[in-house]
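**Student:** Structural data only, the sequence is not supplied:
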């Protein structure tokens, strides 16, 4: 008796879930049909193709080459090319940091020189006023 109750409740839950899934599917179909001029069968096929991603269906409608734009070919590089590419990237970063440090040191040095010159000028002005 208890197993029958559990089976009946499981069936009710499955029916509810199936009804919710159908309502969701109908809502997606309505949404896509408002944005495109596809018929219901085409929309079902497109939604199935894009795993119920309605945005991709609409994007494909707006731009038929959308699929090609989303599928990028992976870079076909040998291990040697990848190693040298990483070394090059690392060396470019090191060079960029070195140039930044060098320019920063020059700026600091120029600022120090300006401060020393201002202090000397102020010292000379003070000597002239003391006399």
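**Tutor:** Perfect, I can see it now. Only a predicted model underlies this, so the values are computations on that prediction, with no experimental measurement involved.

**Student:** Show me which residues of stretch 42-55 are buried.
**Tutor:** 43, 46, 47, 50, 54 (16 or more other Cβ atoms under 10 Å). (Glycine included, C-beta is placed from N, CA and C.)

**Student:** So which of the residues you listed are in strands?
**Tutor:** Applying DSSP state E to the buried residues of stretch 42-55, no entry is found in strands.

**Student:** what's the closest of the residues you listed to residue 25?
**Tutor:** Distance to residue 25, by Cβ to Cβ, is smallest for residue 47 among the buried residues of stretch 42-55, at 7.6 Å.

**Student:** Give me the pLDDT value at that closest one.
**Tutor:** Looking at residue 47, its pLDDT is 92.

**Student:** Would you agree it is in contact with residue 31?
**Tutor:** No: taking contacts as Cβ atoms under 8 Å, residue 47 lies outside contact range of residue 31: 10.2 Å.

**Student:** quick one: residue 66 and residue 50, what's the gap?
**Tutor:** In this structure, residue 66 and residue 50 are 10 Å apart, going by Cβ to Cβ, to the nearest Å.
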